[in-house]
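Undergrad: Fold the following and give me the result.
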Amino acid sequence: MKLVVLDRDGTINLDSSEYIRSAAQLEPIPGSLDAIARLTHAGFTVAVATNQSGLARGYFDSASLDAMHDKLNALLAPLGGRIDRFEICPHHPDYGCNCRKPRPGLLDALGRHYKVSLEGVPVIGDSRRDLEAARAVGARPILVRTGNGADAAAALGHHVEEYADLAAAATALIAGKPAGEAGRGGR
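TA: Numbers count the residues shown, from 1 in each chain. The predicted model follows:
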C-alpha cells in the first residue's frame, strides 16, 4: 500500500483564523483537488489527519464536519480522486490528548487502521506541528508553503523538505523522488 497523509486546513483548503465552520466556507486551495486526484490515480491511498478543535469550542458540530468532508470527496469524485479516511482530533488544545498534532495519535490511528508501518510514509502539512507529528512516527515530513507554511518554513530554515503547494508535493511523490532528492522543490 502506498499511503500519503495530508493535513486539511492550509494544505487542502484555505485556512481561517475564524475556523472553517461549514461546508459552504470550505474552499479548496487552487490545484489541491487535482493533486489529490493525481495521487489517487498513481495508486496512493490518501488519508487526512486534522486537528479540529472547533468541535470542542462549539463552533460547529460533528454533522457539519462530516458535511465538510463529504464536500471534499464530492468535489474530488469527478476528477477520479478520493480521500479514503479522515482522522480527526476534536479536542481543545488544553485537553492534553495524544491525538492533537504535534502528538502522534492521529498518525498512529491511521497506521492501525491500515495495518501499516508509518516509516517513510509522506505526511504533508502546512505547519510545524504536522511535521513534528510525522517525525514522531518515523514518517516523511513534507511542508507546503500554503496556509501557515511560509511562516513554518522561515522558522525551520533549510531543515525540511518543502514545496510551494500540494500540487508540487504530489508531483514529486508521483515521480518517486526520495526525500534526499526532493529537497526544497516547487519554488
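
Undergrad: What ranges in the protein fall below the confidence cut-off?
TA: 158, 180-187 (pLDDT under 70).

Undergrad: try it again with 50
TA: 185-187 (pLDDT under 50).

Undergrad: Mind naming the longest helix for it?
TA: helix 62-76 (DSSP state H).

Undergrad: That one packs against which elements?
TA: Under the contact definition 3 or more CB pairs under 8 Å, 6 or more residues apart in numbering; DSSP states H and E, helix 62-76 sits against helix 32-41. C-beta here means a position set from N, CA and C on the backbone, and glycine is covered the same way.

Undergrad: So what angle separates the directions of the helix it packs on and helix 62-76?
TA: 70 degrees (axes from the mean of the first three to the mean of the last three CA atoms, to 10 degrees).

Undergrad: buried set for helix 32-41?
TA: By neighbour count on 16 or more other CB atoms under 10 Å, the buried set for helix 32-41 is 32, 33, 34, 35, 36, 37, 38, 39, 40.

Undergrad: who touches that helix?
TA: 4, 6, 11-13, 46, 72, 75-76, 79-83, 165-167, 169-171, 173-174 (CB atoms under 8 Å, 6 or more residues apart in numbering).

Undergrad: out of those, which are buried?
TA: The buried subset of the contacts of helix 32-41 - by 16+ other CB under 10 Å - is 4, 6, 11-13, 46, 72, 75-76, 81-83, 165-167, 169-171, 173.

Undergrad: Inside helices: which ones of the residues you listed?
TA: Secondary structure from DSSP H places 72, 75, 76, 166, 167, 169, 170, 171, 173 of these in helices.

Undergrad: Adding distance to residue 137, write the residues you listed out as JSON lines.
TA: As requested, those are exported to JSON lines (distance: CB to CB, whole Å):
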{"residue": "72", "distance to residue 137": "24"}
{"residue": "75", "distance to residue 137": "29"}
{"residue": "76", "distance to residue 137": "26"}
{"residue": "166", "distance to residue 137": "21"}
{"residue": "167", "distance to residue 137": "25"}
{"residue": "169", "distance to residue 137": "18"}
{"residue": "170", "distance to residue 137": "21"}
{"residue": "171", "distance to residue 137": "24"}
{"residue": "173", "distance to residue 137": "18"}
